[in-house]
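Colleague: Sequence below, structure please.
(chains A, B, C and D)
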Protein chains: 2
Amino acid sequence: MGAISQSDIMSTVMSTPDASGADSVSSGATAASRVFDALKQDLICGRFAAGEKLAIGSLKTHYRVGLSPLREALNRLAAYGLLEQVNQRGFRVPALRLDELDDIADLRSQLECKALTQAFQYGDAEWESQLLAAHHRLRRADERPEHVEEWEQAHLRFHRTLLAPCGSPWLLRFIEQLHDQFDRYRRLAPPDPGVREVLDRQHGELVQLAMARRISQARALLDEHIGLSHGVARGACSAP
Amino acid sequence: MGAISQSDIMSTVMSTPDASGADSVSSGATAASRVFDALKQDLICGRFAAGEKLAIGSLKTHYRVGLSPLREALNRLAAYGLLEQVNQRGFRVPALRLDELDDIADLRSQLECKALTQAFQYGDAEWESQLLAAHHRLRRADERPEHVEEWEQAHLRFHRTLLAPCGSPWLLRFIEQLHDQFDRYRRLAPPDPGVREVLDRQHGELVQLAMARRISQARALLDEHIGLSHGVARGACSAP
DNA sequence: TATAATAAAAAAATCGATTTTATGGCAATG
DNA sequence: CATTGCCATAAAATCGATTTTTTTATTATA
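Modeller: Take a look at the predicted model:
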């Protein structure tokens, strides 16, 4: 398929120990956390072929770590749902299945709408500022189509900021997880410039609706936003 | 607190490799999977004190495994949310916080009600049989108050069976995760025989409503069921 | 006495080697 | 010709020892 096979991994330069927007634990930077972050990125942006079995030996070479931290990272990723683990036969990149994507998108809509409602309730002036800022960064990133990674990061942060004050850590946790899953599909799908334009516009509209606390309109829009993106992401799947 | 400190772990006899109701991966039985299951159990049933730091050295002794599989299990548990991991300072049992329990219970209600609706839609005759069977096992377990573990297992399986045919793997995954979190609170809280009796009765009523596909009544009941249990579980928390 | 610097101890993380288990090829058998 | 059993190879999992980092204890200094 469109994906790149194992031997071709052009090896992501691993994030520096003290990277700013560091994922979860990676600040203190153990080898395990660094590989976790790097591998997670590479999985989401489709640097491995769907369904591919991971050769631990090559991973060791590519990510420049020993077996123990590498295996710890793989175990975390499997528990997180970005890898499949079968007991005496290692780790495998999950296949891209249409029914699974539909499941993910449906839940995402549901959970994000709930979070949005609560965010509108608890969000204060500080939140509004941060949302404006996040949106501005996103628009700036829009102008540099050559730096995909930066746009992706800005996009992720925008959606995070939008829901951040919802007051429910577990809800945010699940949303993040679903978002990661969703993005793996989306980023492997062929882009659609027309839809992309609409999606970009919706970000701005979401900001406006958030400022005005127009909850029901905002929910409808967020739902449509995810639905549109869902349509694009479907392009990543083959048949079933 | 009510919890038992590390040195007192009376050591769960680890589940045999080919245990029937085996958790996730444990069937093939690697050392890592076995410790994972055993540790998970011990965490949920409150064999560690909340907030306690885990001494990897003692764990190695208690669970009779080497460092590598033990660390892999700990990494999985942290990714799952049953442990907190800080980069150069090991693993810690999460504290029991009232606001977190409320968060968990609220989400649980929401997600389980959604799953229930879908289960009513997709569940077939086979499901009805399994639900009756699961309920029967639960009632039998009710009669043996001395075997707590068996009741707990039957109870978990009942709730799993109830929602199983909902058709959404990710929804089930999150529900399972929340259930595990919830149970850690519930099992550490002082029991309330009065409430317990009501909860037991509700299981039967849920079965009846499921057979008749009375969705709105069933949703209300499930919501109340979780709410009641939530009230009991709150007893596990101290102040905030 | 409080603070800071330092050394010793403990714990976490990592490495390299070993053991165990799966996999693929090939011959023997029905 | 398909199936089974065996061996060689490769991969996964585990162990034991080493390295790195944190924590604790101790002393020196203001």
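
Colleague: Format the CA atom coordinates belonging to the helix or strand harbouring residue A:74 as CSV.
Modeller: In the assignment (DSSP states H and E), residue A:74 maps to helix A:67-80. As requested, C-alpha coordinates have been extracted for helix A:67-80 and formatted as CSV (Å, rounded to 0.1, in the frame of the first residue of the first chain):
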residue,chain,number,x,y,z
LEU,A,67,16.7,-3.9,24.1
SER,A,68,15.3,-3.1,27.5
PRO,A,69,14.2,0.5,26.9
LEU,A,70,13.0,-0.4,23.5
ARG,A,71,10.8,-3.3,24.8
GLU,A,72,9.4,-1.1,27.5
ALA,A,73,8.4,1.5,24.9
LEU,A,74,6.8,-1.2,22.8
ASN,A,75,4.9,-2.5,25.8
ARG,A,76,3.6,1.0,26.5
LEU,A,77,2.5,1.5,23.0
ALA,A,78,0.7,-1.8,22.9
ALA,A,79,-1.2,-0.9,26.1
TYR,A,80,-2.0,2.4,24.5
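
Colleague: quick check: domain ranges of chain A?
Modeller: Listed domain ranges for chain A are A:6-92, A:98-236 (source: automatic domain parsing).

Colleague: quick one: is the next helix or strand after the helix holding residue A:74 near DNA strand C?
Modeller: Scanning the chain past helix A:67-80 towards its C-terminal end, the next helix or strand to appear is strand A:84-85 (assignment: DSSP H and E). No - with Cβ under 7 Å from any atom of the strand as the threshold, strand A:84-85 lies outside contact range of DNA strand C, at a closest distance of 13.1 Å. (Glycine included, C-beta is placed from N, CA and C.)

Colleague: Direction included, what does strand A:84-85 pair up with?
Modeller: The sheet places strand A:84-85 alongside strand A:91-92 (antiparallel), with pairing taken from DSSP bridges.

Colleague: Low-confidence bits of chain A, can you list those?
Modeller: Chain A contains residues with pLDDT under 70 at A:1-28, A:239-240.

Colleague: ok, which stretches of it are helices?
Modeller: Under the criterion DSSP state H, helices of chain A are mapped to A:31-44, A:56-63, A:67-80, A:98-122, A:125-142, A:148-163, A:169-188, A:193-211, A:215-233.

Colleague: what's whichever residue of chain A sits closest to DNA strand D in contact with, if anything?
Modeller: When you check chain A against DNA strand D by Cβ to the nearest atom of the strand, the closest residue turns out to be residue A:90, at 2.8 Å. By Cβ atoms under 8 Å, 6 or more residues apart in numbering or on different chains, the contact set of residue A:90 is A:53, A:54, A:56.

Colleague: number of nearby residues for residue A:207?
Modeller: The burial metric for residue A:207, expressed as a neighbour count using other Cβ atoms under 10 Å in any protein chain shown, is 21.

Colleague: Surely it and residue A:138 touch.
Modeller: No - the pair residue A:207 / residue A:138 is not scored as a contact, 9.7 Å apart, by Cβ atoms under 8 Å.

Colleague: Show me which residues of chain A sit near chain B.
Modeller: Residues of chain A lying near chain B by Cβ under 8 Å from any Cβ of the partner chain: A:25-30, A:32-33, A:68, A:71-73, A:75-81, A:85-88, A:100, A:103-104, A:106-107, A:110, A:114, A:167-171, A:173-174, A:178, A:181.

Colleague: filter these down to the ones close to DNA strand D.
Modeller: Restricting the residues of chain A next to chain B to those touching DNA strand D (Cβ under 7 Å from any atom of the strand) yields A:28, A:68, A:71, A:87, A:88.

Colleague: any idea how far the residue nearest to the third one when sequence neighbours are not counted is from residue B:230?
Modeller: Read that as residue A:71. In this structure, residue A:71 finds its nearest non-sequential neighbour in residue B:72, 6.1 Å apart by Cβ to Cβ, 6 or more residues apart in numbering or on different chains. Shown here: residue B:72 relative to residue B:230, a distance of 33 Å by Cβ to Cβ, to the nearest Å.

Colleague: Specify which residue of the two has the higher count of neighbours.
Modeller: Between residue B:72 and residue B:230, counted using other Cβ under 10 Å, the more crowded position is residue B:72 (24 against 19).

Colleague: and that one, what does it touch?
Modeller: Residue B:72 makes contact with A:71, A:72, A:75, B:32, B:36, according to Cβ under 8 Å, 6+ apart.

Colleague: How about the residues of chain A by DNA strand C?
Modeller: Residues of chain A lying near DNA strand C (Cβ under 7 Å from any atom of the strand): A:30, A:31, A:32, A:65, A:66, A:67, A:68, A:69, A:72, A:88, A:89.

Colleague: which residue sits farthest out from the middle of chain A?
Modeller: Most distant from the centre of chain A: residue A:88, at 29.3 Å, with distances by Cα atoms, centre = their mean.

Colleague: Verify the stated contact: it with residue B:30.
Modeller: Yes - Residue A:88 sits in contact with residue B:30 when judged by Cβ under 8 Å, with a separation of 6.6 Å.

Colleague: Any chance of the domains of chain A in CSV with distance to residue B:162 as columns?
Modeller: Compiled in CSV, these are given as follows (distance: least, Cβ to Cβ, whole Å):
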stretch, distance to residue B:162
domain A:6-92, 23
domain A:98-236, 19
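
Colleague: residues contacting the residue lying closest to residue A:230 once chain neighbours are set aside?
Modeller: When the adjacent residues along the chain are set aside, residue A:230 lies closest to residue A:105, with 4.0 Å between them (Cβ to Cβ, 6+ apart). With contacts defined as Cβ under 8 Å, 6+ apart, the neighbours of residue A:105 are A:182, A:226, A:227, A:229, A:230, A:233.

Colleague: Just list the residues touching the residue of chain A found nearest DNA strand C, thanks.
Modeller: With distances taken as Cβ to the nearest atom of the strand, chain A approaches DNA strand C most closely at residue A:66, which sits 2.2 Å away. Listed by Cβ under 8 Å, 6+ apart, the contact partners of residue A:66 are A:31, A:60.

Colleague: Tell me the spatial nearest neighbour of the residue positioned nearest the centre of chain A, not counting adjacent residues.
Modeller: For chain A, the residue whose C-alpha lies nearest the mean C-alpha position (Cα atoms, centre = their mean) is residue A:180; its distance is 3.2 Å. Of all residues not flanking residue A:180 in the chain, residue A:44 sits nearest, at 5.8 Å (Cβ to Cβ, 6+ apart).

Colleague: which parts of chain A sit against DNA strand D?
Modeller: Those residues of chain A that sit near DNA strand D, judged by Cβ under 7 Å from any atom of the strand, are A:28, A:53-57, A:67-68, A:71, A:87-91.

Colleague: neighbour-wise, which of the residues you listed leads?
Modeller: When neighbours are counted as other Cβ under 10 Å, the busiest of the residues of chain A next to DNA strand D turns out to be residue A:71, with 24 neighbours.

Colleague: I'd like to know how far that residue sits from residue B:37.
Modeller: As defined by Cβ to Cβ, residue A:71 lies at a distance of 18 Å from residue B:37.

Colleague: Repeat that for residue A:186.
Modeller: As judged by Cβ to Cβ, residue A:186 and residue B:37 stand 35 Å apart.
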